[in-house]
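> sequence and predicted model, in that order:
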Amino acid sequence: MRVERKVIAIIMILSMWCSFASCDDEFVEDQNPTEDVDVIEDENNDDDSTGDDTSEEGNTEEGNTEEGNGSDDTSKDGNRSTIENKVFNETLIIDGHENDSLLIKNCTFENIDDIALVIKTVDEIIIRDCIFRNLNSHAIFLQAGQNSNNITIEGNEIYDVSGIGIFAGEGHINTKCIYNKIHDVAFVDVEGHTPHGIYLCGKNFLIEDNTIYNCGSADGKGLGISVRSYGTISKNKIYNGRASGIAFSSDHPAFNGTLLIENNVIFDNYENAIALYLSNEDSPLGNVTVRFNTMLSDNKPVVYANSWKSLSSELESYGNILIRADGDDNYIDSSSSNPFSELQNLYSNKDIGFIDFNARNFHLKSNAEALNFATGINEFPEFDKENNRRISSGLDAGAYEYK
């Protein structure tokens, strides 16, 4: 009898142990569920398409991460809500002023067939130190038909992207693209729209200190930087593109402002270093200033301006180095009815004293022709491409001051 009781007791203990073991297994399986990031989607079904330069968002969904719900992943960086250290394999949409001042940092967007990151009507967003790669559409997309103010896109790397690296529709103003590295992008038209490295339509933009290379498609489409309004394009390095390095087109409202292009280094692109298509008199720029850039074109005019209908625009070019490698002496090609005002540009078809011309190191040697070449110009950038101070009594032509 005692033996039977002991056997029964042992059986009961074993049964209870197995039950607890089974509960532990279920708990472990639920540790890492995949859930949507909790961001605001557009509920108004607005028409998001504008003109011929954007693609519609379609049926994109909020992005999934590998680490649970976004409400648990949001921290505070000062007064900013933050999404950080996430991996997104589906589209992330940020919309609504509830998301104003959001900081998106150190995230990876990869292996996505649709747009990676869509920004709609929201202000003061910062997108910083993120990676966008292996995308079959666009990387960062400030949706046309929506409005934002002061979006900052900073320190990101964008590569292996079929469509546009960074896009902003005309309702997105004061957009800043700074310190980004964009390469191997804009391979194909996405939904019939030509892609570019950076493509901004809104006014008063700042595009500064970006490195853009290997941009464009095999059929010669895709600009390094393409803009449709006014702002500043400064201190960028743009090379090995399939089209022009920097271009303006007047197919959106340009708001009669000033487009300032300064301190850029542009070389070995298939077309012009800078191309200005100012042929729409209904949306003119007030003026275009191209100054203190170092630019090399292999077989086209270094700067081109089609401005036969925009006679109100003032075009000025000064303090630049313009190299044309094929030996042709047509450096700036513009309409005779609205030519560039040119002052103290250094034109050449050879090495004028660079550190290493063949390796495209355009820093100046101590005997470079550009030294003091721009002295006497009154209006100039206070600092050069590398933030060396310029002095009026010894101004060097081009993007770099001799140190």
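Yes, it's here. In this text, all values refer to a predicted model and were calculated from it rather than measured experimentally.

> run through the stretch 151-300 of the chain and note the low-pLDDT ranges.
280-283 (pLDDT under 70).

> so in terms of bridging, what pairs with T294?
Beta bridges link T294 to V265, I321, judged by DSSP bridges.

> I'd assumed F362 was in contact with it.
Yes. T294 is within contact range of F362, at 4.8 Å (criterion: Cβ atoms under 8 Å). All C-beta spots, glycine's among them, are computed from the backbone N, C-alpha and C.

> which neighbours do these two share?
265, 267, 321, 398-400 (Cβ atoms under 8 Å, 6 or more residues apart in numbering).

> give the ChimeraX command for selecting the buried subset of those residues.
In ChimeraX, this line selects whichever of the shared contacts of T294 and F362 come out buried by 16 or more other Cβ atoms under 10 Å:
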select :265,267,321,398,399,400
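
> farthest pair within the shared contacts of T294 and F362?
By the measure Cβ to Cβ, F267 and Y400 form the most distant pair in those, at 13.1 Å.

> between those two, what contacts are shared?
Contact criterion Cβ under 8 Å, 6+ apart; residues shared by F267 and Y400: 294, 362.

> ok, Y179 - contacts?
154-155, 208-210.

> could you save those residues as TSV and add columns showing distance to S229, neighbour count and secondary structure?
Converted to TSV, these look like this (distance: Cβ to Cβ, whole Å; neighbours: other Cβ atoms under 10 Å; DSSP: H, G, I helix; E, B strand; the rest coil):
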residue	distance to S229	neighbour count	secondary structure
E154	21	17	strand
G155	24	17	coil
E208	16	19	strand
D209	20	19	coil
N210	18	27	coil
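
> and the furthest pair within these?
G155 and E208 (11.9 Å).

> identify each buried residue in stretch 147-164, please.
For stretch 147-164, using 16+ other Cβ under 10 Å, the buried residues are 147-156, 158-159, 161-164.

> ok, of the residues you listed, which one's closest to N136?
The shortest approach to N136 among the buried residues of stretch 147-164 belongs to S162, at 5.1 Å (Cβ to Cβ).

> quick revisit: mind listing the shared neighbours of G155 and E208?
Common neighbours of G155 and E208 (Cβ under 8 Å, 6+ apart) are 178-179.

> remind me which residues of the stretch 301-403 of the chain are low pLDDT?
307-312.

> strands of that one, start to end?
Taking DSSP state E, counting those that start in this stretch, the strands of the stretch 301-403 of the chain run over residues 303-306, 314-318, 321-324, 332-334, 341-343, 346-348, 354-356, 361-364.

> just say which of these is most tucked in.
strand 321-324 (a mean of 25; mean count of other Cβ atoms under 10 Å).

> re the thing from before, closest one to T108 among the strands of the stretch 301-403 of the chain?
T108 lies closest, by Cβ to Cβ, to one member of the strands of the stretch 301-403 of the chain: strand 361-364, at 32.3 Å.

> how many neighbours does F248 have?
23 (other Cβ atoms under 10 Å).

> from I182, how far out is N361?
For N361, the distance to I182 equals 21 Å [Cβ to Cβ, to the nearest Å].

> do the same with E208
Following Cβ to Cβ, the distance that separates E208 from I182 is 13 Å.

> again with P284
P284 is 29 Å from I182, by Cβ to Cβ.

> between those two, which is the more surrounded one?
Using other Cβ under 10 Å as the criterion, P284 and I182 rank with I182 on top: 30 against 21.

> the more buried one: which element?
I182 is located in strand 181-185, with elements delineated by DSSP states H and E.

> of all the contacts of Y179, which comes closest to D219?
Set against D219, the nearest of the contacts of Y179 by Cβ to Cβ is N210 (24.3 Å).

> quick check: R242 touching I212?
No. Between R242 and I212 there is no contact under Cβ under 8 Å: 11.9 Å.

> of these two, who's got more company?
Using other Cβ under 10 Å, the more surrounded residue of R242 and I212 is I212, with 30 against 20.

> wait, is that one part of a strand?
Yes. Per DSSP: H, G, I helix; E, B strand; the rest coil, I212 lies within a strand segment.

> thought it was touching G224?
Yes. I212 lies in contact with G224 (Cβ under 8 Å); the separation is 4.4 Å.
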